[in-house]
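Colleague: how would this look folded up:
(chains A and B)
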Amino acid sequence: MKYLGLTLLAVIVAAAVAAPVVAPYPMDQTFRGLLNAPPTRPHLVDDAGGWHAPFIHPWTVTNQLEQKYEENRAAVVPMRWFSHGRIVASADDAKMPLMLLGADSFGRDVFSRLVYGARLSLAVAAASAAGALLLGALIGGIAGYTGGLLDDLLMRGTDFVIVLPAMYIALALRSAMKLVLPPFQVFALLTGIFAIVGAPFLARGVRAIVRSEKQLDYAAAAMSLGASHARLLLRHLLPAARGFIGVELTMLVPAFIVAEATLSYVGLGFPDPVASWGTMLQDARSIRTFTDFPWLLSPAAAMFLLVLGLNLVVQHAGVVPVYNGTDVSPRRSRTNPDTVRS
Amino acid sequence: MIGYIIRRVLFAIVLVVAVSSVSLLLVRVAPGDFASESLGPGARSEQIQQARERYGLNRSFAAQYRDWIAGAVRFDFGRSMQYDRPVADLIPERAINTGILALTALVIATLVGLPLGVFTGTRPHGIVPSAVRGISLVLLSMPPLLTSLFLVFVAARSGWLPVGGMTSSSGEDLLRHMIVPVGALALPLIAMFERLQSQAMSETIGQPFVIATFGRGVPLSRVIWRDALKNALRPVASIYGLVVGTLLSGSFAVETVTAWPGLGQLMLNALRARDVYLVAGCAAAGAAFLAIGTLMSDAALAIVDPRSTAG
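Modeller: Down below sits the predicted model:
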């Protein structure tokens, strides 16, 4: 199961990194005659029963108003492999582009947008995770190291933020800025907001770990050897929280991805034509749209696979993939000799 | 004990006041206000000035805040500019809708998730427990945004259940409209409770006191459901306080996707229109939910684990 999880993650990340090679089309290329066209089906066998290299049939519109399409079996468009810097595309885009996951309401290839969208969604999540890590380790480290009043204040603050519904904080902070912003500013803004919302979860655990590590002999030894406060904290104490941070981050990343999707879904995310998984879902916003054209929900499926992959990996490490409010370290109970089953 | 209760109630009050005040401030510092947003970019500046004067938006933040607080203690939360109705009239109906959704999901998740967790936690092997664990993991990977999209899709495709358009408040109609959003909210929560309870249970049944009880001849089911369960409730009880926040976050996504007329929709529209008092009112209502939730979870935790009230 762990390998299934890792494979899922690897495939998604690889597709995102290699987006320009994997995606047959740029994310904003529109095909006017193919609004909401269903996925193109690659064929191997033609109507006469002869085998060929994979080919596709063009769609012909059968109902302009309801956007119904039918395969034109008479025409054959071969697929073109490994040329023009793409893995696979249609040999004749004018006749029929290769749309593995259909087209959206602007006639854009959903598969290409999904791959480019993965880049943006993953980048937001990764950058937010990095931000949350820095902020959380800083707050938790200082609180745990200094103790006393500062510790009290910082921990009260994090407790307060943790109790609040993260989605509403993100929503309120995002709405406090201009509602429509250029993509780069949206990216920076979302990353900052998510880092702030995610940091308290890390800070609490880091603080507890730093606090208990500080009592240990090696910390006293380092200090008596003349290590500065900063060195002791950064070089010796914080690394002890590595395991905890790793687990916590794998749980924050899915939350960030879904948060980006939710904000984009309600129109506070990236502006059109930029593709992220959230903006793609927004294109499918009306219920009628996505029941008639279910391929528009593919970003939801992609999100599910990504989160499932992360959960499979986390689960394998013996951690319940759930925020556990009070237990600082998910493993603590395991190392307690009383609870180890023989 | 009394000190503990006072502390928790104080925290609840601080929560409501702080959250609504901060949201008021946030909307105030946000670019644009209701006057400029509602009149559009083409409006002349004197028109905007007039509108500002009419809504009292030209005052300083301090003056505005003082008046708002003075009203709020008398349960007058100002007037929504967007709907031109008192905020106190607008909120209750929406808050009740969100409350129904969240509470039903929480009850269902507890009633289904906990027993399932006990079941899987006490049986490490077997086809059924493994299947439950597998389903849980799948559901955990589907946050409410995804479950609601999925359930709405199934409901609309099959025509089994109505989708969106919850308007009438007759009992049966409400129930039929509730199934999709409640399901969307409850499914991930069931999975979460099942996993947590399962882990707590499997750790508890290895403890000496459980083995000793079993050894004295107490029937296995009684050991599990009476002795071990009581001990293993702590992790789940302690997470209830966080779950309220999770529920509200999740219900925002669910309300948006299923067009459920709850607080989330109201707040989103208010934020977009810069309807200051309505935003603050929604935030106060949400914070009140949160405060009640944390109080209840503290109570639950105190019952399950009396040690938690110390300190």
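
Colleague: going along the chain, name the strands of chain B.
Modeller: Per DSSP state E, chain B carries strands over the ranges B:79-80, B:85-86.

Colleague: ok, of those strands, where does mean pLDDT dip lowest?
Modeller: Comparing mean pLDDT across those, the weakest is strand B:79-80, with a mean of 82.

Colleague: hmm, who's touching that one?
Modeller: With contact meaning C-beta atoms under 8 Å, 6 or more residues apart in numbering or on different chains, strand B:79-80 is reached by B:85-87, B:90, B:270, B:275, B:277-278, B:281. (Glycine included, C-beta is placed from N, CA and C.)

Colleague: cool, and stretch A:218-234?
Modeller: Here stretch A:218-234 makes contact (C-beta under 8 Å, 6+ apart) with A:141, A:145, A:210, A:213, A:235-237.

Colleague: compare those and tell me which is most surrounded.
Modeller: Neighbour counts for the contacts of stretch A:218-234 (other C-beta atoms under 10 Å in any protein chain shown) peak at residue A:210, which has 26 neighbours.

Colleague: now residue B:202: closest residue in space that isn't a chain neighbour?
Modeller: Leaving out its chain neighbours, the residue that sits closest to residue B:202 by C-beta to C-beta, 6 or more residues apart in numbering or on different chains is residue B:121, at 4.4 Å.

Colleague: gap between residue B:250 and residue A:258?
Modeller: 10 Å (C-beta to C-beta, to the nearest Å).

Colleague: find residues that contact each of these two.
Modeller: residue B:143.

Colleague: mind checking how far the helix or strand harbouring residue A:21 is from the chain centre?
Modeller: Counting by DSSP states H and E, the element that carries residue A:21 is helix A:19-22. In terms of C-alpha atoms, centre = their mean, to the nearest Å, the centre of helix A:19-22 is found 18 Å from the chain centre.

Colleague: residues of the stretch 1-150 of chain B that sit close to chain A?
Modeller: With the criterion set to C-beta under 8 Å from any C-beta of the partner chain, the stretch 1-150 of chain B comes near chain A through B:15, B:18-19, B:23, B:26-27, B:29-32, B:137-138, B:140-143, B:145-146, B:149-150.

Colleague: mind listing the helices for the stretch 201-342 of chain A?
Modeller: Under the criterion DSSP state H, counting those that start in this stretch, the stretch 201-342 of chain A contains helices at A:217-224, A:229-231, A:242-265, A:277-283, A:287-292, A:298-316, A:332-335.

Colleague: winner for burial among the ones you listed?
Modeller: With neighbours taken as mean count of other C-beta atoms under 10 Å in any protein chain shown, the helices of the stretch 201-342 of chain A reach their highest mean count in helix A:277-283, at a mean of 25.

Colleague: and that one, what does it pack against?
Modeller: Under the contact definition 3 or more C-beta pairs under 8 Å, 6 or more residues apart in numbering or on different chains; DSSP states H and E, helix A:277-283 sits against helix A:110-146, helix A:242-265, helix A:298-316.

Colleague: which one of these lies closest to residue B:298?
Modeller: For the helices and strands packed on helix A:277-283, the distance to residue B:298 is smallest for helix A:110-146, at 23.0 Å, taking C-beta to C-beta.

Colleague: quick check: buried residues in that closest one?
Modeller: A:110-122, A:124-129, A:131-133, A:135-145 (16 or more other C-beta atoms under 10 Å in any protein chain shown).

Colleague: give me the angle between the very next helix or strand once past that helix and helix A:110-146.
Modeller: Once helix A:110-146 ends, the next helix or strand along the chain (criterion: DSSP H and E) is helix A:148-163. Angle, helix A:148-163 to helix A:110-146, by axes from the mean of the first three to the mean of the last three C-alpha atoms, to 10 degrees: 150 degrees.

Colleague: could you point out the helix or strand that follows helix A:148-163?
Modeller: helix A:166-175.

Colleague: pull the residues that contact that following helix.
Modeller: Residues from elsewhere that reach helix A:166-175 (C-beta under 8 Å, 6+ apart): A:161, A:189-190, A:193-194, A:196-198, A:255, A:259, A:262-263, A:266, A:268, B:23, B:26-27, B:30, B:245, B:248-250, B:252-253, B:267-268, B:271-272, B:279, B:283, B:286.

Colleague: and with 6 Å instead?
Modeller: Contact partners of helix A:166-175, identified using C-beta atoms under 6 Å, 6 or more residues apart in numbering or on different chains, comprise A:193, A:197, A:259, A:263, A:268, B:23, B:26, B:249, B:252, B:271.

Colleague: repeat that for stretch B:39-46.
Modeller: Taking C-beta under 6 Å, 6+ apart as the criterion, the residues outside stretch B:39-46 that touch it are B:47-48.

Colleague: ok so, going back, just the closest of the contacts of stretch A:218-234 to chain B, please.
Modeller: When the contacts of stretch A:218-234 are ranked by distance to chain B (C-beta to the nearest C-beta), residue A:210 comes first, at 20.4 Å.
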